[in-house]
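# compute the structure for the input listed below.
(2 chains)
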Amino acid sequence: MKLDTSLVLKLLALAGLACVPLAGADFYTELIAKTLVMAIFAMSLDLLVGFTGLVSFGHAAYFGIAAYAVALLSPKYEAASLWLVLPASVGLAALAALVVGLFVLRTKGIYFIMVTLAFAQMFFYVFHDTPLGGGSDGLYLNVKPTAEIAGFLPFDLDQPTHLYYFILAMLVLVYAFLARVLQSPFGRVLVGIKSNEHRMQSLGYVTFRYKLAAFALAGGLGGVAGFLYSVVFGFVTPELLSWHQSGNVLLMVILGGMGNLVGAVAGAFAFVAMQEVFSMWTKHWQLAMGLMIVAAVLFMPGGLSAVPGRIKRALQGGSAHD
Amino acid sequence: MTDSRNPEALLVADKITRRFGGLLANQDVCLTLARGQLHALLGPNGAGKSTCINMLSGDLPPSSGRILFQGRDISGLTAAQRSLVGIGRSYQRTNIFPKFTVLENVRLAAQSRRQQPWRIFSNAMRQQWMLDKARAAIDEAGLGGRAERIAGVLSHGEQRQLEIAMVLATDAQVLLLDEPLAGMGSEESAKMVELLKRLRQTRAILLVEHDMDAVFAVADVITVMVNGQVLESGPPAQIRASIAVQEAYLGQEDSFHV
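Coordinates of the predicted model:
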């Protein structure tokens, strides 16, 4: 039987991630937890950008809506039930994406980018300028949701280690879900739309409906990340919905290599790592980071996910031109 | 307007007109595509052939006139809806999924016949009916043995065959083929002409083509368009003899006198 190297590498990476809390370095555990949340966010955007060919520049809206939903739906001094507040916040994010999708999916290309941005800005100002979301200060989530069901507590999100493994489990679940969806007939249609939407229409596919379903699905999965963010940090601010956030997640997807779920995860890690390293080094870390990203796009076409293939070709002695 | 003399008429264009601003790209064009017949559309560049086929396939709505499929008015249907009723089209410029395998290109076409988008956990590659339908279409189009190739690296002629395979996988009753022979070598052309002859037996075909030899070899009916209007329509012999056609179009072409 042939050993599946890609599967072995994935399992090794997962085992590595599972070992992180054992090191006992709380700062790094929390940093990696935050990165895993961003990785889920990046995978959800990759469904649109990398697999359906829809470059959304407003994906932070759904992240933020779910994050706010957790804070708004939780009682002030009591724990909300995880089993209610998770599906509710994810559902709201998906619903928002469904409604926005009805409008934005009538546009294409640069117009699509601009209109998704415009809707995200609208949501940003809803939370920024109305009493609903506590204005620019945002809201606190005083008590994290509890996983208790009928007196039984399978895990406790108040414990950092439990929270870390919960996030890791969600990452694996979202990955497995997307991988499965992408090999279904539905997923194959999305990839077909990315490749040649006109041809899909002339083959009898009403592509608008498929794109709408993908947009809502991506919004919901972005909501999973928003939910986790809210639980990890215990507060939400309008910045979560800002265009910076939409831009950052887009950069993660591009860095990782569009159309590759593991790439999206790698892109999130590369992005956060650069952010940390450069901000330790210099006050002008954003300049350094911008230069790095330009260099990555120029010299690493296909992103991080294309790197293993290049190494393999180089090792096999073939030329690595392409 | 179901043609009473021709009970097999599948697709009928009834005085379809298309304006682009002040330009009349098609004016009162009438066409009848019948099962078992290959209907060729000829005309010099700019005659309106592409506009006509675009209106029939739903890529372009007509400004006026009606399009009937099996007697039913389908003028208001989109391209996707027309594909679902049984009208398939291939494009002048090869229009495939270049990064997918041949099988995946045709499998997607087959899948369109039974779309179950809610089944997001089933594996597309384990749906036997799709694969069977796709392989049958690939064989029928003469691409057997090429199924696992990446479509983008096929030869030009094979890509044209792939286009036809995709249309066949949708069970189309009417095939609208826009210059399937364009850019083909003589050997590839001959194979394609044989394929068209086979396909015509059970379907209605509209063929837009520049290759005169091929058109006169396979067409049952030829319609000649000039300046967006039908100049002459009839069997090859009638077109060959038509003085109007010779003056307007064919007279310039030496290849016509074969």
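# residue in the stretch 51-200 of chain B nearest to chain A?
With C-beta to the nearest C-beta, the shortest gap between the stretch 51-200 of chain B and chain A falls at residue B:83, namely 3.5 Å. (Each C-beta comes from the backbone N, C-alpha and C, glycine too.)
# check whether the longest helix seen in chain A contacts chain B.
Ranked by residue count and defined by DSSP state H, the top helix of chain A is helix A:207-233. Yes: judged by C-beta under 8 Å from any C-beta of the partner chain, helix A:207-233 and chain B are in contact via A:207, A:209, A:210, A:213.
# would you check that the last one makes contact with residue A:219?
If I follow you right, that is residue A:213. No: look at residue A:213 against residue A:219 with C-beta atoms under 8 Å: they stay out of range, at 10.7 Å.
# what's the spacing between stretch A:251-268 and its chain's center?
10 Å (C-alpha atoms, centre = their mean, to the nearest Å).
# buried stuff in it?
Neighbour-count burial for stretch A:251-268, with 16 or more other C-beta atoms under 10 Å in any protein chain shown as criterion, is recorded at A:251-268.
# average model confidence for it?
Taken as a whole, stretch A:251-268 has a mean pLDDT of 94.
# which residues does it contact?
The contact list for stretch A:251-268 (C-beta atoms under 8 Å, 6 or more residues apart in numbering or on different chains) reads A:10, A:35-36, A:38-39, A:41-43, A:45-46, A:49-51, A:171, A:175, A:178-179, A:182, A:194, A:270-271, A:293, A:296-297, A:302-306.
# again with stretch A:151-160
A:21, A:26, A:29-30, A:33, A:82, A:144-147, A:162-163, A:165-166, A:231.
# repeat for stretch B:128-148
A:185, B:101-103, B:106-107, B:109-111, B:113-114, B:124-125, B:154, B:158, B:161-162, B:164-166, B:168-169, B:191, B:195, B:198-199.
# list the buried residues for it?
Neighbour-count burial for stretch B:128-148 flags B:130-131, B:133-138, B:140-143, B:146-147 (criterion: 16+ other C-beta under 10 Å).
# just want to know which of residue A:213 and residue A:219 has more residues nearby.
Neighbour count, other C-beta atoms under 10 Å in any protein chain shown: between residue A:213 and residue A:219, residue A:219 has more, with 31 against 19.
# quick one, grab the pLDDT at the more buried one.
For residue A:219, pLDDT reads 98.
# and the one 3 residues further on, by the same measure?
On pLDDT, residue A:222 comes in at 98.
# how about the one 5 residues further on?
The model reports residue A:227 with a pLDDT of 97.
# what parts of the stretch 151-258 of chain B come near chain A?
B:166, B:170.
# for beta bridges, what are the partners of the residue nearest to residue B:175 when sequence neighbours are not counted?
Nearest non-adjacent residue to residue B:175, counting by C-beta to C-beta, 6 or more residues apart in numbering or on different chains: residue B:205, 4.7 Å away. Residue B:205 forms beta bridges with residue B:38, residue B:175, as assigned by DSSP bridges.
# and residue B:205, how many neighbours?
25.
# pretty sure it contacts residue B:196?
Yes: Residue B:205 lies in contact with residue B:196 (C-beta under 8 Å); the separation is 6.6 Å.
# what touches both of those two?
Common contacts of residue B:205 and residue B:196 (C-beta under 8 Å, 6+ apart): B:38, B:177.
# out of the residues of helix A:207-233 next to chain B, which is most surrounded?
With neighbours taken as other C-beta under 10 Å, the top of the residues of helix A:207-233 next to chain B is residue A:210, carrying 22 neighbours.
# which element is the residue nearest to that one when sequence neighbours are not counted on?
With C-beta to C-beta, 6+ apart as the criterion, residue A:210 has its nearest non-adjacent residue at 5.1 Å, and that residue is residue A:189. Element membership for residue A:189, per DSSP states H and E: helix A:185-202.
# just to revisit the earlier point, so among the contacts of stretch A:251-268, which ones count as buried?
A:35-36, A:38-39, A:41-43, A:45-46, A:49-51, A:171, A:175, A:178, A:182, A:194, A:270-271, A:293, A:296, A:302-306.
# for the next helix or strand after the longest helix of chain A, packing partners?
Toward the C-terminus, helix A:207-233 is succeeded by strand A:235-236 as the next helix or strand (DSSP H and E). Applying 3 or more C-beta pairs under 8 Å, 6 or more residues apart in numbering or on different chains; DSSP states H and E, one finds that strand A:235-236 contacts helix A:60-73, strand A:139-140.
# who does the shortest one pair up with?
I take that to be strand A:139-140. strand A:235-236 (antiparallel).
# and the contacts of the partner strand?
Here strand A:235-236 makes contact (C-beta under 8 Å, 6+ apart) with A:64, A:67, A:68, A:70, A:71, A:133, A:138, A:139, A:140, A:141, A:229, A:230.
# 6 Å instead, please
A:67, A:68, A:71, A:138, A:139, A:140, A:230 (C-beta atoms under 6 Å, 6 or more residues apart in numbering or on different chains).
# any idea how far residue B:245 is from the closest residue to the third one other than its chain neighbours?
This means residue A:71. The shortest distance from residue A:71 to any non-neighbouring residue, by C-beta to C-beta, 6+ apart, is to residue A:139 (4.2 Å). To residue B:245, residue A:139 is 78 Å away according to C-beta to C-beta, to the nearest Å.
# next: residue A:225.
Residue A:225 sits 67 Å away from residue B:245, going by C-beta to C-beta.
# compare the two (neighbour count), which wins?
Neighbour totals were compared for residue A:225 and residue B:245, and residue A:225 leads with 32 against 22 (other C-beta under 10 Å).
# show me where pLDDT drops low in the chain?
With no chain named, the answer covers chain A. A:1-3, A:318-322 (pLDDT under 70).
# that's the wrong chain, I meant chain B
Low-confidence segments of chain B, defined by pLDDT under 70: B:1-7, B:249-258.
# tell me where it has helices.
For chain B, the helices defined by DSSP H cover B:49-57, B:79-85, B:102-111, B:128-140, B:156-169, B:186-200, B:212-218, B:236-241, B:243-248.
# can you pull out the helices in chain A?
A:5-19, A:26-46, A:60-73, A:82-104, A:109-129, A:160-182, A:185-202, A:207-233, A:243-256, A:261-281, A:285-299, A:307-315.
# highest average neighbour count across those helices: which stretch is it?
Burial of the helices of chain A is given as mean neighbour count (mean count of other C-beta atoms under 10 Å in any protein chain shown); helix A:60-73 ranks first at a mean of 28.
# give the other helices and strands that it contacts.
Applying 3 or more C-beta pairs under 6 Å, 6 or more residues apart in numbering or on different chains; DSSP states H and E, one finds that helix A:60-73 contacts helix A:82-104, helix A:109-129, helix A:207-233, strand A:235-236.
# what's near enough to touch the residue in the stretch 101-250 of chain A that chain B sits nearest to?
Scanning the stretch 101-250 of chain A for proximity to chain B using C-beta to the nearest C-beta identifies residue A:204 as nearest, at 3.5 Å. Counting by C-beta under 6 Å, 6+ apart, residue A:204 makes contact with B:80, B:83, B:84, B:112.
# ramachandran angles for the closest residue to the third one other than its chain neighbours?
If the residues on either side of it in the chain are set aside, residue B:84 comes closest to residue A:204, at 4.5 Å by C-beta to C-beta, 6+ apart. With angles defined as degrees, to the nearest 10, residue A:204 sits at phi 100, psi 10.
# how close does residue A:204 get to residue A:116?
With C-beta to C-beta as the criterion, residue A:204 and residue A:116 are 28 Å apart.
# also residue A:65?
Distance from residue A:65 to residue A:116, counting by C-beta to C-beta: 14 Å.
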